[in-house]
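>>> Fold the stuff below for me.
(2 chains)
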Amino acid sequence: MCTLEKRGNIYLLTLTGSGEHRFNPSLLSSLRAALSSLLCSSHAPNSALITCAEGKFFSNGFDQSWVRSAPPSQHRIISDLLRGLISDYLSLPMPTVCAVTDHAAAAGCALVLAHDYVVMREDRGFFYMSELDVGLKFVKYFEVFFNEKIPDNQTRRDVLLRSARVTAREAMARGIVDRAAQGIEGTIEEALRLAEEVAATVSDGSKLAEKRKLMFSETWRHVSAAGGSKL
Amino acid sequence: MCTLEKRGRVLILTLTGSGEHRLGPGLISSLRSALATARSDPSVAALVTAGEGRFFSNGLDLAWAKNSSEGLSTLVRLVKPLIADLISLPMPTVAAVTGHAAAAGMMLAVAHDYVYMRGDRGVLYMSELDIGLPFPDYFMDLMQAKITDPRTLRDVTLRAKKITGTEAKERGIVDKVCQSASETVAEAVKMAEELAGRNWDKGVYASIRLSVYPKLCKSLEIPQESDEAVRKHFASRL
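Take a look at the predicted model:
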């Protein structure tokens, strides 16, 4: 489902396999387990985390087939796990860079924006909040998170209220993405460069995490409510 | 005061006549009635609002307020649910700003999801500072929701700047600038048709709009669904 490796002082968290990396309890729990190893132990200063994916998708959002097969009382498990995952990223004691290696849709976009920095592939792939197109409403923490991460009115309207398919270049122009690159490898390489640059400036990761939670205080209030409990 | 015209799935609401289309009790009531028609007609999937003549709307009917015992506070109170009607309308809305939009008239314009404006004449203008009037709280909430560039918001509210369509596009208030009033309406209708063609679920559209503007909807007293209701809706659709 995912692997965590270290390249020098940079951790690389990869969503593995050629599928859509849709969020079901297994994948979300694996991601949280990988991050928990970074949350709990102390690190060398000047570390950073990159999240990337193999194959033709970064992540296409929630696993609808899992949801259809689960009893209604269990549906909220994946929403709660995503909420916990966002709280993990907000708490991470090191800068985080998302390498959007291909399509990111719906909840997959939430994973992208949970990072401090975003590098996105420009030769293919869209950033696409598909909820309006597929007929899904937002629960509160999700709404609060997107409002804090995309403060510009026209951008937020186009992304959420128009279900726009946003390319890397457009996303950069509109402030959602920091850098664009060619190909999967090119995107990961650029993410590594950016991660090295920002890691060099952060020696005390725990102080960074405190400031990040303060910067996104409304989101933190909504995602930490469960006490960051892992299901 | 206003007319409704249906073109395919788009309803075009026009503020009629060559006057200033000032918002007094009569026009406010007509507009709310028109929006109720849009809301209740299942074949309507998008709304365009336009104006005839030199004005989109020049704001509250101050003359009426002066002559009435109830005064300006009544008009402020009456416009609030009109704005709420637009913010809660379960379909995409496009303002075709065909002329000057000032004060409450500018609020009417920016309360739409998309703002198209002519660039050859006409300004957006929050005149309150110039004429010595306060902003109702919900005006400021609407402006903070829709004008998210701090310097632009400052120029609009603290400088009473008159902003042309071209400048408004550059500064993120307007989505598209057109060469004339008729082109503005035509382009707005085209956009509305495109949006209607996406065939979005109306309830979901309305819900997501509230999610995009949660502080504004609290200010306008529009209730938002609980997470439980959202989850129930999700389960019902599987």
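>>> what residue ranges in chain A score low on pLDDT?
A:41, A:225-231 (pLDDT under 70).
>>> What parts of chain B come near chain A?
Residues of chain B found near chain A (CB under 8 Å from any CB of the partner chain) are B:92, B:113, B:145-149, B:172, B:175, B:195, B:198, B:200-201, B:204-205, B:207-209, B:211-212, B:214, B:225, B:227, B:230-231, B:233-235, B:237-238. No exception for glycine: its C-beta is placed from N, CA and C like everyone else's.
>>> any chance you could map the strands in chain A?
With strands called from DSSP state E, chain A shows them at A:2-7, A:10-15, A:48-53, A:57-59, A:96-100, A:103-105, A:117-121, A:127-128, A:165-166, A:179-181.
>>> roughly how far is the first one from the heart of the chain?
Spelled out, it's strand A:2-7. Put simply, strand A:2-7 sits 16 Å off its chain's centre (CA atoms, centre = their mean, to the nearest Å).
>>> got the angle for it vs strand A:10-15?
Here strand A:2-7 runs at an angle of 160 degrees relative to strand A:10-15 (axes from the mean of the first three to the mean of the last three CA atoms, to 10 degrees).
>>> Quick check: buried residues in strand A:2-7?
Across strand A:2-7, burial judged by 16 or more other CB atoms under 10 Å in any protein chain shown covers A:2, A:4.
>>> Show residues contacting it.
Contacts to strand A:2-7, defined as CB atoms under 8 Å, 6 or more residues apart in numbering or on different chains, come from residues A:11-16, A:27, A:30-31, A:34, A:37-38, A:192.
>>> Looking at those residues, spot the one nearest chain B.
residue A:27 (19.3 Å; CB to the nearest CB).
>>> The closest one is in contact with residue A:1, isn't it?
Yes: taking CB atoms under 8 Å as the definition, residue A:27 is a contact partner of residue A:1 at 4.9 Å.
>>> list the residues that contact both of those two?
Listed contacts common to residue A:27 and residue A:1 are residue A:15; contacts here mean CB under 8 Å, 6+ apart.
>>> Looking only at neighbour counts, state which of these two leads.
With neighbours defined as other CB atoms under 10 Å in any protein chain shown, residue A:27 and residue A:1 compare such that residue A:27 has more, 23 against 17.
>>> what's the neighbour count on residue B:207?
Close neighbours of residue B:207, defined as other CB under 10 Å, add up to 24.
>>> same thing with residue B:69?
5.
>>> Specify the local secondary structure of it.
Following DSSP: H, G, I helix; E, B strand; the rest coil, residue B:69 is assigned to coil.
>>> Would you mind giving me the confidence score for it?
pLDDT recorded at residue B:69 is 83.
>>> ok, it - contacts?
By CB under 8 Å, 6+ apart, the contact list for residue B:69 is empty.
>>> now it: how far from residue B:133?
Shown here: residue B:69 relative to residue B:133, a distance of 19 Å by CB to CB, to the nearest Å.
>>> Please apply the same query to residue A:21.
Counting by CB to CB, the gap from residue A:21 to residue B:133 is 55 Å.
>>> So for these two, which sits in the more crowded spot?
The neighbour count for residue A:21 versus residue B:133, taken as other CB under 10 Å, is higher for residue A:21 (28 against 16).
>>> and that one, what does it touch?
Applying CB under 8 Å, 6+ apart to residue A:21 gives the contacts A:15, A:27, A:53, A:55, A:57, A:58, A:59, A:60, A:108.
>>> Check residue B:128 too.
Counting by CB under 8 Å, 6+ apart, residue B:128 touches B:103, B:134, B:135, B:160.
>>> mind redoing it with 10 Å?
Residues counted as contacts of residue B:128 (CB atoms under 10 Å, 6 or more residues apart in numbering or on different chains) are B:59, B:102, B:103, B:104, B:134, B:135, B:136, B:139, B:157, B:160.
>>> tell me the pLDDT at it?
So, for residue B:128, pLDDT stands at 94.
>>> what sits against residue 129?
By default, I'm working from chain A. Per CB under 10 Å, 6+ apart, neighbours of residue A:129: A:61, A:104-110, A:113, A:136, A:138, A:146, A:150, A:156, A:158-166, B:208.
>>> Chain B was what I was after
The contact partners of residue B:129, taken as CB under 10 Å, 6+ apart, are B:135, B:156, B:157, B:158, B:159, B:160, B:161.
>>> Thank you, goodbye.
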